[in-house]
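Engineer: Take this sequence and fold it.
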Amino acid sequence: MAEEVYESDLINMVIGTHMSIAKGIVKTAENVVKMNADTMQIFSRNPRGSNYKDPTVKEAEEFQRIRREAGFGAILAHAPYTMNLASAKPEVYEFACTVIREDVTRMDRLGIENLVFHPGSHTGIGAEAGIQNIIAGLDQAITGKENITVLLETMSGKGTEIGWRFEELKAIRDGVSHPERIGICLDTCHVFAAGYDIVNSYEDVINEFDAVIGLEYLKVIHLNDSKNQLGSHKDRHENIGFGNIGFNALLKVLNDKRFEQIPKILETPYVSVSKLESYPPYKEEIEMLKKQTFNENLKEEVIKNHMD
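Structural biologist: All right, here's what the predicted structure looks like:
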């Protein structure tokens with residue numbers, strides 16, 4: 001049974017955000033240092049397609065030097081949203097198998113510790129058949145000799161998504177040939193949307209995760225607020241403290257000593273000035289979380305800081 005051990009006086013915190021690598025992975029790592037973050041998440045390739053450009057050997061070495069000197073925690077790569085390992089359509093499934101196989105190799109070679117992906121949607125063949133497809137897709141991608149850990153992300157339960165119940169994630173992990181290379185990424189927005197009440201029954205949810213999957217397999221937390229209500233089955237992230245989960249509930253997750261060394265990654269939306277202009281809130285959100293005090297003027301400050 002999980003023990004309640006959260007408190008506000010954190011000694012160690014591993015927190016970062018999703019970052020663009022459009023200007024190269026070295027520049028990205030430098031920006032992470034500037035925003036006082038401790039880790040980061042990047043896309044393993046174009047999130048909406050199949051294109052990718054690997055860093056040169058020199059760039060990869062410089063990236064590793066920066067993260068070493070800055071003391072980054074474990075880093076996360078996110079596979080593209082377009083892959084669906086649960087699909088029954090041959091062309092969709094083969095694309096997903098190719099992407100996960102290539103990205104496991106590419107991200108492992110880059111020295112990234114974790115690769116997370118959305119398990120997929122069964123689109124009518126049923127969750128059990130979809131889970132078997134996911135297992136087969138992972139088995140063709142993972143040899144067991146890698147250093148990287150592949151993470152199944154908790155989902156909101158939109159449509160025919162697989163992975164919105166802890167039991168489904170357990171079934172996938174239990175079914176693969178190399179379960180030692182499979183972990184879990186818990187997304188706070190997704191589990192809340194799936195019906196797990198982390199606001200009013202936090203310990204019950206953590207205990208259930210521990211009983212079904214095991215806390216030792218939780219490797220990363222996506223720390224996001226939710227635009228929608230508990231059990232909505234809608235995946236719509238909100239800025240920290242401005243949604244239906246709220247600042248105090250998210251702070252409880254952040255401050256839980258059981259998860260002290262687990263990276264927490266923000267995937268919150270940009271703050272919009274207009275339909276054509278918006279700014280990333282990550283530096284301000286990280287500062288707010290490290291101060292442990294909700295800033296109700298955060299969105300206005302994000303706009304001001306980027307326009308000055």
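Engineer: use CA for all of it now, contacts and neighbours both
Structural biologist: Noted.
Engineer: ok, now which ones touch residue 53?
Structural biologist: residue 45 (Cα atoms under 8 Å, 6 or more residues apart in numbering).
Engineer: For the closest residue to residue 187 other than its chain neighbours, grab the count of nearby residues.
Structural biologist: Once flanking residues are discounted, residue 187 sits nearest to residue 222: 4.4 Å by Cα to Cα, 6 or more residues apart in numbering. Other residues near residue 222 come to 24 when the count uses other Cα atoms under 10 Å.
Engineer: now residue 201
Structural biologist: Neighbours of residue 201 using other Cα under 10 Å come to 10.
Engineer: so the residue nearest to residue 187 bridges to which residues?
Structural biologist: Residue 222 forms beta bridges with residue 187, residue 265, as assigned by DSSP bridges.
Engineer: surely it meets residue 262?
Structural biologist: No - the criterion here is Cα atoms under 8 Å, and residue 222 misses it with residue 262 at 10.3 Å.
Engineer: Spell out, range by range, the helices that occur in this protein.
Structural biologist: 25-34, 57-70, 90-110, 127-139, 166-175, 188-194, 202-212, 247-254, 282-291, 298-307 (DSSP state H).
Engineer: Out of those helices, which one sits most buried?
Structural biologist: helix 188-194 (a mean of 28; mean count of other Cα atoms under 10 Å).
Engineer: would you turn the helices of the chain into CSV with mean pLDDT?
Structural biologist: As requested, the helices of the chain are exported to CSV (pLDDT from 0 to 100):
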stretch, mean pLDDT
helix 25-34, 96
helix 57-70, 96
helix 90-110, 97
helix 127-139, 98
helix 166-175, 98
helix 188-194, 98
helix 202-212, 98
helix 247-254, 97
helix 282-291, 96
helix 298-307, 92
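Engineer: would JSON lines of those with distance to residue 150 be doable?
Structural biologist: Output for these, formatted as JSON lines (distance: least, Cα to Cα, whole Å):
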{"stretch": "helix 25-34", "distance to residue 150": "21"}
{"stretch": "helix 57-70", "distance to residue 150": "20"}
{"stretch": "helix 90-110", "distance to residue 150": "8"}
{"stretch": "helix 127-139", "distance to residue 150": "9"}
{"stretch": "helix 166-175", "distance to residue 150": "10"}
{"stretch": "helix 188-194", "distance to residue 150": "19"}
{"stretch": "helix 202-212", "distance to residue 150": "18"}
{"stretch": "helix 247-254", "distance to residue 150": "22"}
{"stretch": "helix 282-291", "distance to residue 150": "25"}
{"stretch": "helix 298-307", "distance to residue 150": "34"}
